[in-house]
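A.B. asks: test case, fold it:
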Amino acid sequence: MTSDARQVAAHAARASFGRLVALLVSANANIAEAEDAVAAALEQALRSWPATGIPANPEGWLLTVARNRQRDAWRSAAHRTGAELDADDPRMPYALDEVDPGAIGDRRLELMFACADPAVDAGVRTPLMLQLVLGFTAAQIAAAYGVAPAGLTKRLVRAKRRIRDAGIPFAIPDRASMPHRLSAVLEAVYGCYAIAWRDADGRSHREPDSMAGEALHLATTLAVLLDAEAEAWSLAALIALSLSRAEARSGVFVPLDEQDPATWDAALIVEGEGYLRRAGELGGTPGRFQLEAAMQAVHAARVRGAAVDWAALTKLSRVLVAVAPTAGARIASAAVVGRTDGPEIGLALLDELPPGSERLSAFHATRGDLLTRAGRRVEASAAFARAAELETDAAAAAYLRSRAQ
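C.D. replies: As a prediction, this is how the structure comes out:
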């Protein structure tokens, strides 16, 4: 019972933290207070569940304890200041007793849009959502963004204070405000998927504690909520199509074009293709997520016996670089162009990348592959070895070392 209780509490910490904070914080916009209340509830669960048993509704139990902690804090503050605090206090009508924790998904989206308020520093909006709403640690987020954890932590603390002091409302913004906030929210959901994808190790997105599955849920919820936003549908498509290959990632690393399509989730591919069609029906200039999803769809067509359309991938990758010239997009384009136009052209594209790109494992892995295709095997071996040194995924690093040999 002790180990089961700890396992359930650990799952609640991963899956429920953001949802519970999203509920508590809308009472007075005090993020730190809500986080403290939820953390205290989780600590109490670890102490009491092994002795008393796991409650029938663990998340509801945590919500009740956290709510009581929050109210105790308010009453204590009122006692110290001599202020009145009763049932008519604006913070108290917050009827948590009647809330079903299993049906509060949109509360997290409200909190995410609050984090994307123009009053919050643009550079910290997405990391704030990843930590506060999606439960990733500052260290995980810093690793994903390639920044120092200590510096990121300080910026996150300042952002939370800014939300509290500015009294930023927690609500889905109106259509006029949406364009200014949607991009950061989509980036956070994509960041959730990207971090979870690296940590999934082949686990199904349908497992209850799968953050990759959580990213898909949030993306589809956003798409339905904002039905006319093509990039929201495109992000849902991108995540669904990518997740269709999750099972192929278990065990030994296998490059995408060498994977057996029979191991892919055909139903998830159909789902993702449907989301992508919806994005296309909305018209307009394709954005980053629509282009990336289209590239994933080209690969996914192999599940129906089609060959990879490298010409289509080349065109899509070049447009993606024009729309979103990130290092990742440019490295991916170099890899594709190297397959269609020759490895030397792909290598030339890599040489045009800005300083700092050489700190990415993908840069050296792509370089190694192109050098191999060009017959420059000694240089390729060195590139693969460097890629393996930089790679944080154990299976991928083992694959790169094997290629270096």
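A.B. asks: how does the chain divide into domains?
C.D. replies: The chain breaks down into these domains under automatic domain parsing: 1-98, 104-172, 183-308, 320-405.
A.B. asks: what's the closest of those to Thr314?
C.D. replies: Smallest distance to Thr314 across the domains of the chain (C-beta to C-beta): 4.7 Å, for domain 320-405. For every residue, glycine as well, the C-beta is placed using N, CA and C.
A.B. asks: run the chain-centre distance for the closest one.
C.D. replies: Shown here is domain 320-405, whose average C-alpha point lies 24 Å from the average C-alpha point of the whole chain (C-alpha atoms, centre = their mean, to the nearest Å).
A.B. asks: what's the end-to-end length of it?
C.D. replies: Terminal residues of domain 320-405 lie 33 Å apart, using C-alpha to C-alpha, to the nearest Å.
A.B. asks: offset the numbering so it begins at 178, please.
C.D. replies: OK, 178 is where the count begins now, so the last one is domain 497-582.
A.B. asks: that one - what's its average pLDDT?
C.D. replies: Domain 497-582 shows a mean pLDDT of 94 in the predicted model.
A.B. asks: so after the helix or strand of the chain with the lowest mean pLDDT, what's the next helix or strand?
C.D. replies: Across the helices and strands of the chain, the lowest-confidence element by mean pLDDT, DSSP states H and E is helix 179-202, at a mean of 70. In the C-terminal direction, the helix or strand that comes right after helix 179-202 (DSSP states H and E) is helix 208-229.
A.B. asks: buried residues in that following helix?
C.D. replies: When burial is assessed from 16 or more other C-beta atoms under 10 Å, helix 208-229 yields the following buried residues: 208, 210-215, 217-219, 221-222, 226-227.
A.B. asks: residues of the helix or strand following it that come out buried?
C.D. replies: Counting by DSSP H and E, the element after helix 208-229 in chain order, helix or strand, is helix 235-258. With burial defined by 16+ other C-beta under 10 Å, the residues of helix 235-258 counted as buried are 235-244, 246-248, 251.
A.B. asks: next: stretch 562-577.
C.D. replies: Within stretch 562-577, the residues that qualify as buried are 562-565, 567-568, 570, 572-574, 576-577, counting by 16+ other C-beta under 10 Å.
A.B. asks: equivalent analysis for stretch 328-345, please.
C.D. replies: Result for stretch 328-345 [16+ other C-beta under 10 Å]: buried residues 329-330, 332-333, 336-337, 339-341, 345.
A.B. asks: name the element the nearest residue to Ala365 once chain neighbours are set aside belongs to?
C.D. replies: In this structure, Ala365 finds its nearest non-sequential neighbour in Met306, 3.7 Å apart by C-beta to C-beta, 6 or more residues apart in numbering. Counting by DSSP H and E, the secondary-structure element that holds Met306 is helix 299-309.
A.B. asks: tell me the mean pLDDT over that helix?
C.D. replies: On average, the pLDDT along helix 299-309 is 86.
A.B. asks: what angle do helix 208-229 and it make with each other?
C.D. replies: Using axes from the mean of the first three to the mean of the last three C-alpha atoms, to 10 degrees, one finds that helix 299-309 and helix 208-229 are set 20 degrees apart in direction.
A.B. asks: can you list contacts of helix 299-309?
C.D. replies: Judged by C-beta atoms under 8 Å, 6 or more residues apart in numbering, the contacts made with helix 299-309 from elsewhere in the structure are 195, 198, 208, 212, 288-289, 292-293, 297, 313-315, 317-318, 322, 329, 332-333, 335-337, 361-362, 364-365, 368-369, 372.
A.B. asks: pretty sure Ile416 contacts Ala392?
C.D. replies: Yes: using C-beta atoms under 8 Å, Ile416 makes contact with Ala392 at a distance of 5.7 Å.
A.B. asks: common neighbours of those two, please.
C.D. replies: Shared between the contact lists of Ile416 and Ala392 (criterion: C-beta under 8 Å, 6+ apart) are residues 366-367, 370.
A.B. asks: please identify, among these, the one with the most neighbours.
C.D. replies: Val366 (30 neighbours; other C-beta atoms under 10 Å).
A.B. asks: quick one: Phe540 from Gly523, how far?
C.D. replies: Separation of Phe540 from Gly523 (C-beta to C-beta, to the nearest Å) stands at 12 Å.
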